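Undergrad: coordinates only, sequence not included:
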């Protein structure tokens, strides 16, 4: 497997890197960012995965997430993958819309042509990238936590719920909690998995997974009340109801006046990092 | 004077705004960002000015500076102006270079045509913008501090040194300490002030100001040792020598392995905000 370090910058006592590598899961090059705090030689550190939202690459949270000070304080590696495969031959939304195709992989293994060849973000995030980073960086795969924003919050919740043995801690910022019940989800899962058999979607729907018995020790979710996507797309109330019904422990905080932007995410990032650190 | 709020976002308990207003100093519209932490109704807060470097607008530090948590903690308003006039009729570098003209105002009042009409960043930063923000926001002009990065570090040092009664605290990140003694300074001050009478430049050179008797209570400067501009352009050693010679109190810290980027600035931002807070 080939890989290339695109940049390294000293920051908050550690090193912020950006890395490109050849992915066999997606059949493309993939780029991710990795922040490694200062640590003792030979030590392995816990890792917090951050999955980004629609239109994003690794760069948005790397620039604006304000996670490095907290990760340095708690000794946590922070990795931000890209949100879809990219490059020659990777199909996009037929009309180039922002909510499907490039930048909108929804962390699924697609079943429908022409997407099923490259859009295998589930395998990439759950299997290939952890193995890759454990080979090349001081990552302790026995101590993984996962979080994300919006589409990436959906990714974090569903990946965490499906792999409770792998991820010790799961949180999200303004997640899409039920793709089965919102226009973004209808379009994306319909496009990637097909619209005929919606039972196939339940593996990619946090509320459905909880209804179907998935369980993790705890969940932390922050959601801004001034988020323009709350009512039609994010619907955190559905997650609250699913957790209450199934007995899933969860702290779902409505944050007064906050919107969907990185101004919101960065405000609560340090608390999320600390919350994960306590569980890693 | 007309002005328009371009955006407001709740962040770290306060509000991050971006504002455009008509400047009589520059004869153009000017855009700045202003972070106002949560505060008691009717209270006036100290302000920290942040002057940005070459090629930047208000947006770079607003996105990547990681100042809001510290400003919220210490109750400080943070304002980031643009780095030059912009718009129709504003002359640029004849060859569009990054280090003169647009994005490179060097915080001077230009004397040379065609720049002298609009390039009046000294008046804008020292006079017009403080009066404007005091009129519209809960800013206490009796408690002002100033900092900046690179060209903006030059701006902060020179503006602070020339106005010791106005700015209670002065710091800088990787500043250009002597435009008289570096290629960026030669080009910019030569273009804006003329190359014939270099005595005119001394008002815009931190080392020369200190040599000529300017004094402030204290200076804090951080400079990365891996900064590619250190040797040819920034030359922090010259500031160290000028301060030692004149008895100007200064803490000039060489930060091992840090470069010229916002990964460096954001690392030390919270310390600078705290340092200013203690003096405001």
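TA: Here it is on my side, so go on. Quantities reported herein were computed from a predicted structural model and do not represent experimental measurements. Residues are numbered from 1 along each chain as shown, chains lettered A, B, ... in the order given.

Undergrad: In the sheet, which residues pair with the spatially most central residue of chain A? Tell me.
TA: For chain A, residue A:51 is the residue whose C-alpha lies nearest the centre (C-alpha atoms, centre = their mean; 2.3 Å). Beta-bridge partners recorded for residue A:51 (DSSP bridges): residue A:148.

Undergrad: can you pull out the helices in the stretch 101-250 of chain A?
TA: Here the stretch 101-250 of chain A has its helices, by DSSP state H, counting those that start in this stretch, at A:121-123, A:129-136, A:151-162, A:183-193, A:206-211, A:236-246.

Undergrad: Quick one: name whatever helix or strand follows the last one.
TA: Put plainly, it is helix A:236-246. Going down the chain from helix A:236-246, the next helix or strand is strand A:251-255, by DSSP states H and E.

Undergrad: So whichever helix or strand comes after that following strand, near chain B or not?
TA: Scanning forward in sequence from strand A:251-255 by DSSP H and E, the next helix or strand is helix A:262-279. Yes: residues of helix A:262-279 contacting chain B under C-beta under 8 Å from any C-beta of the partner chain: A:262, A:263, A:264, A:266, A:267, A:270. In this view, the C-beta of every residue, glycine as well, is placed from N, C-alpha and C.

Undergrad: and helix A:262-279, how far out from the chain's middle?
TA: Here helix A:262-279 is found 14 Å from its chain centre; the criterion is C-alpha atoms, centre = their mean, to the nearest Å.

Undergrad: Just the mean pLDDT for that helix, thanks.
TA: Mean pLDDT, helix A:262-279: 98.

Undergrad: again with stretch A:182-189
TA: For stretch A:182-189, mean pLDDT is 98.

Undergrad: Next, work out how far apart residue A:45 and residue A:139 are.
TA: With distances taken as C-beta to C-beta, to the nearest Å, residue A:45 is found 7 Å from residue A:139.

Undergrad: Please enumerate the shared neighbours of the two.
TA: Counting by C-beta atoms under 8 Å, 6 or more residues apart in numbering or on different chains, the contacts common to residue A:45 and residue A:139 are residue A:77.

Undergrad: circling back: so what's the residue nearest to the centre of chain A up against?
TA: So residue A:51 contacts A:80-81, A:83, A:107, A:125, A:146-149, A:151-153, A:155-156, A:159 (C-beta under 8 Å, 6+ apart).

Undergrad: ok, now residue A:166?
TA: With contact set as C-beta under 8 Å, 6+ apart, residue A:166 has these partners: A:126, A:144.

Undergrad: Show the pLDDT at it.
TA: Residue A:166 carries a pLDDT value of 98.

Undergrad: Look up phi and psi at it.
TA: Geometry field for residue A:166 lists phi and psi as phi -90, psi -40, criterion degrees, to the nearest 10.

Undergrad: ok, now residue A:227?
TA: Dihedral pair for residue A:227: phi -80, psi 120, per degrees, to the nearest 10.

Undergrad: Tell me, how many residues neighbour it?
TA: 21 (other C-beta atoms under 10 Å in any protein chain shown).

Undergrad: between the contacts of residue A:51, which is closest to residue A:178?
TA: Closest to residue A:178 out of these is residue A:153 (11.6 Å), distances taken as C-beta to C-beta.

Undergrad: got the residues of chain A near chain B?
TA: Listed as neighbours of chain B in chain A under the rule C-beta under 8 Å from any C-beta: A:9-13, A:16, A:63-64, A:66, A:68-69, A:224, A:226, A:257-259, A:261-264, A:266-267, A:270.

Undergrad: are any of these buried, and which?
TA: Applying 16 or more other C-beta atoms under 10 Å in any protein chain shown to the residues of chain A next to chain B, the neighbour count classes A:9-12, A:16, A:63-64, A:66, A:68-69, A:224, A:258-259, A:261-264, A:266-267, A:270 as buried.

Undergrad: For residue A:31, list the residues it contacts.
TA: Residues counted as contacts of residue A:31 (C-beta under 8 Å, 6+ apart) are A:6, A:18, A:19, A:20, A:57, A:58, A:82.

Undergrad: measure the second one to residue A:219 for me?
TA: Right, residue A:18. Separation of residue A:18 from residue A:219 (C-beta to C-beta): 30 Å.

Undergrad: between those two, who's got more neighbours?
TA: More crowded of residue A:18 and residue A:219, by other C-beta under 10 Å: residue A:219, with 23 against 19.

Undergrad: beta partners of the more buried one?
TA: Counting by DSSP bridges, residue A:219 is bridged to residue A:170.

Undergrad: re the thing from before, for the residues of helix A:262-279 next to chain B, could you give me JSON lines that also reports distance to residue A:230?
TA: Formatted as JSON lines, these follow (distance: C-beta to C-beta, whole Å):
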{"residue": "A:262", "distance to residue A:230": "17"}
{"residue": "A:263", "distance to residue A:230": "16"}
{"residue": "A:264", "distance to residue A:230": "11"}
{"residue": "A:266", "distance to residue A:230": "19"}
{"residue": "A:267", "distance to residue A:230": "16"}
{"residue": "A:270", "distance to residue A:230": "23"}
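
Undergrad: Pick the one among these closest to chain B.
TA: Of all those, residue A:263 has the smallest distance to chain B: 3.8 Å, by C-beta to the nearest C-beta.

Undergrad: residues of stretch A:80-90 that come out buried?
TA: Neighbour-count burial for stretch A:80-90 flags A:80, A:81, A:82, A:83, A:84, A:85, A:86, A:90 (criterion: 16+ other C-beta under 10 Å).

Undergrad: do stretch A:24-34 as well
TA: Residues A:25, A:26, A:28, A:29, A:30, A:31, A:32, A:33, A:34 are the ones in stretch A:24-34 that count as buried (16+ other C-beta under 10 Å).

Undergrad: so how far is residue A:29 from the residue lying closest to the fifth one once chain neighbours are set aside?
TA: In space, residue A:30 comes closest to residue A:23 once its chain neighbours are excluded; the distance is 4.4 Å by C-beta to C-beta, 6 or more residues apart in numbering or on different chains. Separation of residue A:23 from residue A:29 (C-beta to C-beta): 7 Å.

Undergrad: cool, and residue A:70?
TA: Separation of residue A:70 from residue A:29 (C-beta to C-beta) stands at 30 Å.

Undergrad: For residue A:73, the count of nearby residues, please.
TA: Using other C-beta under 10 Å, residue A:73 has 15 other residues around it.

Undergrad: any idea how far chain B is from it?
TA: Shown here: residue A:73 relative to chain B, a distance of 12 Å by C-beta to the nearest C-beta, to the nearest Å.

Undergrad: That residue is in what secondary structure piece?
TA: Assessed by DSSP H and E, residue A:73 sits inside helix A:68-74.

Undergrad: what helices or strands is that helix leaning on?
TA: strand A:14-23, strand A:77-81, helix A:262-279, helix B:262-279 (3 or more C-beta pairs under 8 Å, 6 or more residues apart in numbering or on different chains; DSSP states H and E).

Undergrad: ok, 10 Å please
TA: In terms of contacts (3 or more C-beta pairs under 10 Å, 6 or more residues apart in numbering or on different chains; DSSP states H and E), helix A:68-74 is packed against strand A:3-11, strand A:14-23, strand A:28-36, strand A:45-51, strand A:77-81, helix A:262-279, helix B:68-74, helix B:262-279.
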